[in-house]
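A.B. asks: any chance you can model this:
(2 chains)
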Amino acid sequence: MIWVAWRKQRTQLLTLCAFAIFGAAMITWMRAGMLHELHELADRGCPVEGRTPPGCIRDVEDFVEWSQAKMGLGQTLVIAVPALFGMFIGAPLFARDLEQGTFILMITQSVSRARWLAISFLVALGPTLAVTLVLQALVGWWVDAAGDWGPHGRGALDPVNFAGSGLAPASYTLFAVTAGLFAGCLIRRTTVGMLATLGGFVALRVVLAGMRTGRPADAATVHLIEGAIFLGLTVPLFLGTVLVMRRQS
Amino acid sequence: MIWVAWRRHRTLLLTLAGLLLVLGGGALVLRGLISGDSARLLECNAWPDRKPGCSAVSAQFHGAWGRWPEYAEWIILAFPVLAGLFIGGPLFARDAEQGTDVLVFTQSVTRSHWILSVLAVTLVPTLLVMFGLQWSAGSLLSTASDLTMGVDPWTKIDYHPGNLLFLGYTVFAVGLGAFAGAFLRNSLGGMAVVLAGYFPVWLGLGTAQPAVGAEQRLTYGLEPSARPGDVSAVATGNSGFLNTFDRQVDIGQLDAVVQRCMGKDATIDCLRDQGIVSRFIDVRLVADDAYLHLRPALALTIVGLLLLFGAYRALHRRP
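C.D. replies: Predicted coordinates for the structure are as follows:
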């Protein structure tokens, strides 16, 4: 069963793997470039820690502008991947079978629909979550190296810092993939399911970002609350998918 | 033929119209609300009689509206790639995937006629919606820039309706999706190619910030009425006060002088007595902003049209 699910999704999963390797290589390379810049600054008497000497202000400002733009790209990648995974992995998972009529083959086998759905979902979700966490860890490793000169200086509740750290990327991915699965099954059309996933995910993110308040010290609590909201929405979406698939004839 | 193409793509076209109505209309409504709410802030901050408590008014204003210009910017930036993904990718691939292209190719109309009709019905409305969104969201960003709501000073030029760059990006993204979809005969494959191909180009070009002439310093008097005329210029972010030697007054020194002069009847005379004689703003003059992004926009449009031609050739060769 797992083998069949893997065979059906191998193009997406191999693309995901290639994407992860490329992303990891780029992040490692850019981090190395940034460390080189930091060493050069330290050699000129401008260390990353402590108070910035007056003669270093211009150099430090240049470094901060340059590195934050590059790190911003890495953080944007971590923020964007849940939506992309929801669109490209969650939404087509069953919608394509429903659209092309190949789901008949699936529902006439000896395995139950629930088992088929659960295994396909897990085979898709496992690597997706793993890639999200690896990219999050690598970008976090890069951002940490810049200390307060990097994005950390903007505080833990800065929208970009928040969405790229803690529980956020994993909970977003779980939600987006499940929402994609549900939308695809309900609408029975891949492209419309993808569009609905993107729209729903972005709308929820915007609403929750607007409600986010507190001090940077409360970031862990806010992560827990937001994570609970996303996970709380994931469960009914998955159950809804099971229900929709059971009713397919 | 146009009618058939419209019937087949009506969901897409109605979605586009809805997007324009909701997002474009929303941006215009928001601009009105922000402009209305800014009156109290502008009155409070009026030079030289800045009232006490302005920081709280400013914080309240920015807290209420500060995020919206950012969202408007995202809408303009995201639309071309979304058009490439959801319009370009499945444009020809869906028929190939589902086998319905056989029906198309066995009709009395030529393939060229069919392809051109599909492009006319999908690409033209997409470009019109892009223009509409750029116009409405750009006007919101322009207002935000005037109110110094933390928007990049280049915003006014980057999202000006005369900037054709986003139309170029849209043609490129739709062309890339249509070509990849027609070539791979797979919607998802076409969409993935759009993602992989669009972002390197976008990162390479960015919003193509132009060199719009050398930096200039505009100086004007301390009186509230003495503002520089309505010059077409972009602020570089550096502005302040000048002393009798035409040197910029240090911020610490300025704070001390303003504290000393605040509450006096003749505030401006007091400032002059303390050695602060004029204000300045550093700008880059913009003489022909309609042409600033023309070169990259043209290049993207040409590449996009070539990709559409590639899709046309791929469809023509199909048995």
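
A.B. asks: for chain B, what are the nearby residues on chain A?
C.D. replies: Among all residues of chain A, those adjacent to chain B (criterion: Cβ under 8 Å from any Cβ of the partner chain) are A:15, A:73, A:84, A:88, A:92, A:96, A:99-100, A:190-192, A:194-195, A:198, A:206, A:209-210. C-beta coordinates here come from the backbone N, C-alpha and C atoms, glycine included.

A.B. asks: let me know the helix or strand that A:Trp3 is in.
C.D. replies: A:Trp3 is part of helix A:2-43, with elements assigned from DSSP states H and E.

A.B. asks: what about that helix, distance to the chain center?
C.D. replies: Helix A:2-43 has its average C-alpha position 14 Å from the chain's average C-alpha position, going by Cα atoms, centre = their mean, to the nearest Å.

A.B. asks: returning to what we had before: buried only: go through the residues of chain A next to chain B for me.
C.D. replies: When burial is judged by neighbour count using 16 or more other Cβ atoms under 10 Å in any protein chain shown, the buried members of the residues of chain A next to chain B are A:15, A:84, A:88, A:92, A:96, A:99, A:190-192, A:194-195, A:198.

A.B. asks: ok, the residue of the stretch 201-319 of chain B found nearest chain A - contacts?
C.D. replies: Among residues of the stretch 201-319 of chain B, the one nearest chain A by Cβ to the nearest Cβ turns out to be B:Leu203. It sits 7.6 Å away. If a contact means Cβ atoms under 8 Å, 6 or more residues apart in numbering or on different chains, then B:Leu203 has A:Leu73 as its contacts.

A.B. asks: tell me the SS of it?
C.D. replies: helix (DSSP: H, G, I helix; E, B strand; the rest coil).

A.B. asks: CA atoms of stretch B:97-105 as PDB?
C.D. replies: The C-alpha trace of stretch B:97-105 is given here as PDB (Å, rounded to 0.1, in the frame of the first residue of the first chain):
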ATOM      1  CA  GLU B  97      -4.100  16.200 -20.000                       C
ATOM      2  CA  GLN B  98      -7.800  15.300 -20.300                       C
ATOM      3  CA  GLY B  99      -7.700  14.400 -24.000                       C
ATOM      4  CA  THR B 100     -10.200  17.200 -24.900                       C
ATOM      5  CA  ASP B 101      -7.600  18.600 -27.400                       C
ATOM      6  CA  VAL B 102      -8.700  16.000 -29.800                       C
ATOM      7  CA  LEU B 103     -12.100  17.700 -30.000                       C
ATOM      8  CA  VAL B 104     -10.500  21.000 -30.600                       C
ATOM      9  CA  PHE B 105      -8.200  19.800 -33.300                       C
END
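
A.B. asks: quick one: that stretch near chain A?
C.D. replies: Yes - contact check for stretch B:97-105 against chain A, using Cβ under 8 Å from any Cβ: residues in range are B:97-98.

A.B. asks: list of residues touching that stretch?
C.D. replies: Residues external to stretch B:97-105 that are found in contact with it (Cβ under 8 Å, 6+ apart): A:99-100, B:92, B:94-95, B:111, B:114, B:185-187, B:318.

A.B. asks: one more time with 6 Å, if that's ok
C.D. replies: Residues external to stretch B:97-105 that are found in contact with it (Cβ atoms under 6 Å, 6 or more residues apart in numbering or on different chains): B:95, B:114, B:187.

A.B. asks: just stretch A:223-240 next, same as before
C.D. replies: With Cβ under 6 Å, 6+ apart as the contact definition, stretch A:223-240 has outside contacts at A:166-167, A:171, A:174-175, A:178-179, A:182, A:208.

A.B. asks: average pLDDT across it?
C.D. replies: In this model, stretch A:223-240 has an average pLDDT of 92.

A.B. asks: next: stretch B:41-61.
C.D. replies: Mean pLDDT, stretch B:41-61: 69.

A.B. asks: how about stretch B:193-204?
C.D. replies: pLDDT averaged over stretch B:193-204 equals 89, rounded to a whole number.

A.B. asks: who's in contact with B:Ile2?
C.D. replies: Going by Cβ under 6 Å, 6+ apart, B:Ile2 touches B:Ser117.

A.B. asks: make it 10 Å
C.D. replies: B:Ile2 makes contact with B:116-118, B:120-121 under the criterion Cβ atoms under 10 Å, 6 or more residues apart in numbering or on different chains.

A.B. asks: quick test: name the residue nearest the centre of the chain.
C.D. replies: Here I'm looking at chain A. To find the centre residue of chain A, average its C-alpha atoms and take the closest one (Cα atoms, centre = their mean): that gives A:Pro82, at 3.3 Å.

A.B. asks: so which strand or helix has it?
C.D. replies: In the assignment (DSSP H and E), A:Pro82 maps to helix A:57-85.

A.B. asks: show me what counts as buried in that helix.
C.D. replies: Using 16+ other Cβ under 10 Å as the burial criterion, the residues of helix A:57-85 that qualify are A:59, A:63-64, A:67-68, A:70-71, A:74-75, A:77-79, A:81-85.

A.B. asks: coming back round to it: distance to chain A, secondary structure and pLDDT for the contacts of B:Ile2 - can I get that in a markdown table?
C.D. replies: Rendered in a markdown table, the data for the contacts of B:Ile2 read as follows (distance: Cβ to the nearest Cβ, whole Å; DSSP: H, G, I helix; E, B strand; the rest coil; pLDDT from 0 to 100):
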| residue | distance to chain A | secondary structure | pLDDT |
| --- | --- | --- | --- |
| B:Leu116 | 23 | helix | 88 |
| B:Ser117 | 20 | helix | 89 |
| B:Val118 | 16 | helix | 89 |
| B:Ala120 | 21 | helix | 88 |
| B:Val121 | 17 | helix | 90 |
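
A.B. asks: could you flag which of the residues you listed are buried?
C.D. replies: Here, 16+ other Cβ under 10 Å leaves B:117-118, B:121 buried among those.

A.B. asks: how is chain B divided into domains?
C.D. replies: Residue ranges for the structural domains of chain B, counted by automatic domain parsing, are given in the record as B:2-211+B:290-316, B:215-285.

A.B. asks: now for the buried ones among the residues of chain A next to chain B: which two are most distant?
C.D. replies: Pairwise distances across those (Cβ to Cβ) peak at 21.9 Å, for the pair A:Thr15 and A:Val192.

A.B. asks: and the residue of chain A nearest chain B?
C.D. replies: The nearest approach of chain A to chain B comes at A:Thr191, 5.2 Å away (Cβ to the nearest Cβ).

A.B. asks: which ones are touching the nearest residue to that residue once chain neighbours are set aside?
C.D. replies: For A:Thr191, ignoring the flanking residues on the chain, the nearest one in space by Cβ to Cβ, 6 or more residues apart in numbering or on different chains is B:Pro90 at 5.2 Å. Remark: with contacts taken as Cβ under 10 Å, 6+ apart, B:Pro90 is in contact with A:190-191, A:194, B:12, B:96-97, B:177-178, B:181, B:186-188, B:190-191.

A.B. asks: count the neighbours of the residue nearest to A:Gly23 when sequence neighbours are not counted for me.
C.D. replies: Distances taken as Cβ to Cβ, 6+ apart place A:Leu135 nearest to A:Gly23, at 5.5 Å, with adjacent residues excluded. Other residues near A:Leu135 number 21, with proximity taken as other Cβ atoms under 10 Å in any protein chain shown.

A.B. asks: next: B:Leu306.
C.D. replies: Other residues within reach of B:Leu306 by the criterion other Cβ under 10 Å amount to 13.

A.B. asks: doesn't B:Phe179 make contact with it?
C.D. replies: Yes - between B:Leu306 and B:Phe179 a contact is recorded at 8.8 Å, counting by Cβ atoms under 10 Å.
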